[in-house]
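A.B. asks: One predicted model, sequence on top.
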Amino acid sequence: MDPSPGLPDVDPADAGEPTAAPPAGLWERMRDDPQYAPEHLALEAVRRLGPEAKAWAESTRAAQPGLDRDGLAQLATKRFVARARLSGAVSGAAGLPGAVLDIGVLAWTQARMVLHIAAAYGLDPQHPDRATDLLVLQKVHKAAETARLALGVAAGRERAGVLFGGGNTPLRQAVLRLSVRLAKMAGIRAAKRVFAKVIPGAAIILGTWANSSATTDLAKRTVELYGQRAISAPAQRGS
């Protein structure tokens, strides 16, 4: 599904933009535990972005009462594909190069889009199952069962980190593993470019085409999944 050029750009959630990039605490968890970086990102996205997605859907429906579920999903897609084109590295994540920051911002933007599309189709973007959906839709895991297992492991490691401190993976090794995991989460086209960026001396940058293409492909999968769920179980709010 391509963003519809005819849709209006009413977007009550744009003001202030408090969550354009992953929060500092998430960067630290992903850096210390790169093997489960996508799982940490998915868990944090549902916690932090789920309420925002729900509020956006409610306020946009109120502002445009004639907009149906498909139209609302297209509006979310248009919004976040545009964000993906412009996403770039952010400062403040100690020890991480721009390539990793760039791909992390893209993965966060994509997770945000998925939650907004879920809300557009009447599903609860704050439900724990949305983290499972994220990992399957972004092709980190092939099946919901393995995604749930990995999320459970990551959640346990988060609790252990609070109690016993973070991991002790050497920084360079952690950065390389983190870049690979986040690149896979954000899409294969982005992955091809991030590998070039993390190699010293490489001049290739993550292009706007790669960002928007990967995000558009993800939007199509998300609309297909949630659109079918809305048809088959319109009253179901969780999974």
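C.D. replies: Received, thanks.

A.B. asks: Val140 and Val223: what is the separation?
C.D. replies: 19 Å (Cβ to Cβ, to the nearest Å). C-beta coordinates here come from the backbone N, C-alpha and C atoms, glycine included.

A.B. asks: low pLDDT regions in this structure?
C.D. replies: Counting by pLDDT under 70, the ranges of the chain that qualify are 1-19, 87-95, 160-172, 188-210, 233-239.

A.B. asks: Which phi and psi values does the most centrally placed residue in the chain adopt?
C.D. replies: Centroid check for the chain by Cα atoms, centre = their mean gives Ala111 as the closest residue, at 1.9 Å. Main-chain torsions, Ala111, degrees, to the nearest 10: phi -60, psi -40.

A.B. asks: ok, the nearest residue to it once chain neighbours are set aside to Ser232 distance?
C.D. replies: Nearest non-adjacent residue to Ala111, counting by Cβ to Cβ, 6 or more residues apart in numbering: Ala45, 3.9 Å away. Distance of Ala45 to Ser232, computed by Cβ to Cβ: 25 Å.

A.B. asks: And the two? Which one has more around it.
C.D. replies: Set Ala45 next to Ser232 and count neighbours by other Cβ atoms under 10 Å: Ala45 wins out with 25 against 8.

A.B. asks: Can you name every helix or strand that the lengthiest helix in the chain contacts?
C.D. replies: If you go by DSSP state H, the chain has its longest helix at helix 37-63. Applying 3 or more Cβ pairs under 8 Å, 6 or more residues apart in numbering; DSSP states H and E, we find helix 37-63 packed against helix 24-32, helix 69-86, helix 98-120, helix 129-137, helix 144-164, helix 171-186.

A.B. asks: follow-up on the earlier one: so what's the residue nearest to the centre of the chain up against?
C.D. replies: With contact taken as Cβ atoms under 8 Å, 6 or more residues apart in numbering, Ala111 is in contact with Leu41, Ala42, Ala45, Leu49, Leu134, Gln138.

A.B. asks: Kindly reformat these as JSON lines containing distance to Gly156.
C.D. replies: Shown next, in JSON lines, are the contacts of Ala111 (distance: Cβ to Cβ, whole Å):
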{"residue": "Leu41", "distance to Gly156": "16"}
{"residue": "Ala42", "distance to Gly156": "15"}
{"residue": "Ala45", "distance to Gly156": "18"}
{"residue": "Leu49", "distance to Gly156": "22"}
{"residue": "Leu134", "distance to Gly156": "19"}
{"residue": "Gln138", "distance to Gly156": "22"}
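
A.B. asks: Show me the two of the residues you listed that sit farthest apart.
C.D. replies: Leu49 and Gln138 (14.4 Å; Cβ to Cβ).

A.B. asks: that older thread, go through the contacts of Ala111 and say which is closest to Ala82.
C.D. replies: Leu49 (17.2 Å).

A.B. asks: how many neighbours does that closest one have?
C.D. replies: Number of residues near Leu49 (other Cβ under 10 Å) recorded here: 22.

A.B. asks: From Ala147, how far out is it?
C.D. replies: 18 Å.
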